[in-house]
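Undergrad: Fold the following for me, if possible:
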Amino acid sequence: MNWNKYRLLVLLVLPVSGCSVYSFTGASLVNGEQTVSIQQFYNNALLGPSNMSQVFTEKIRDYYQQNTSLTLVDNGGDLQLDGYIANYSVTPVAPRAGSDQIQVSTTSRVSISVKATYVNIKNEQFDFDKNFSFFVNFDSETTDLASNEDQFVEEIFDQIILDIFNASVANW
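TA: This is a model prediction of the structure:
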């Protein structure tokens, strides 16, 4: 008996016999969803880089396209996502005594929150309207915020997008 022939057959059959509603990214599309529309996420935060709206919107659209089989459409998708950047802040988190007993912070935190509304046209039990937030701490004595702000924002957005993705199509 030629076992190599059977191994080849098994390797060819397994990928097509798997469940079509689950992917390695965790996306679970169980109601025949084929399209997603992601509207522009506007910047309602008082602070932060001026391009946050464009950066976030493009990053989240790219993420859904790369990690699902959904087709991105302008409006009326089976899955609909929109929202806004609600807050951007830089706050001290680790004060220490400075000269003349003045409190000085050695660690600062960049925080961003995003309000997202998700609608699944085919199954409304998955709909949500909630806030997602994340932060990055940095040593304010050795790290210049202005020089690193774009990197911090990207890192925060990556986590927020992952959280939105998991809440929407991964159903976690």
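Undergrad: how about the helices of the protein, start to end?
TA: Taking DSSP state H as the test, the helices found in the chain are 3-17, 52-67, 145-168.
Undergrad: Report the buried residues of the longest one.
TA: Counting neighbours by 16 or more other C-beta atoms under 10 Å, one finds that the buried residues in helix 145-168 are 149, 152-153, 156-157, 160-165, 167-168. Just so you know, the C-beta spots here come from the backbone N, C-alpha and C atoms, and that holds for glycine as well.
Undergrad: Put together TSV for these, with pLDDT and distance to residue 140 on each row.
TA: Formatted as TSV, the buried residues of helix 145-168 follow (pLDDT from 0 to 100; distance: C-beta to C-beta, whole Å):
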residue	pLDDT	distance to residue 140
149	96	12
152	97	12
153	98	17
156	98	17
157	98	21
160	98	23
161	98	26
162	97	27
163	97	26
164	97	29
165	96	31
167	94	32
168	93	35
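Undergrad: could you dump those residues to CSV with distance to residue 126?
TA: As requested, the buried residues of helix 145-168 are exported to CSV (distance: C-beta to C-beta, whole Å):
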residue, distance to residue 126
149, 34
152, 31
153, 28
156, 25
157, 23
160, 19
161, 17
162, 17
163, 15
164, 13
165, 13
167, 9
168, 7
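Undergrad: where are the low-confidence patches of the protein?
TA: 1-31, 95-104, 171-172 (pLDDT under 70).
Undergrad: give me that answer again for 80
TA: 1-32, 94-105, 171-172 (pLDDT under 80).
Undergrad: Turn the helices of the chain into TSV, including distance to residue 110.
TA: Putting those into TSV (distance: least, C-beta to C-beta, whole Å) gives the following:
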stretch	distance to residue 110
helix 3-17	42
helix 52-67	12
helix 145-168	5
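Undergrad: circling back: residue 37: which of the buried residues of helix 145-168 is nearest?
TA: Among these, residue 168 lies closest to residue 37 (C-beta to C-beta), at 12.4 Å.
Undergrad: Wait, the closest one touches residue 119, no?
TA: No: between residue 168 and residue 119 there is no contact under C-beta atoms under 8 Å: 9.6 Å.
Undergrad: follow-up on the earlier one: and the helices of the chain: which comes nearest residue 92?
TA: Closest to residue 92 of those is helix 145-168 (C-beta to C-beta; 11.9 Å).
Undergrad: and the closest one with helix 52-67, angle?
TA: 40 degrees (axes from the mean of the first three to the mean of the last three C-alpha atoms, to 10 degrees).
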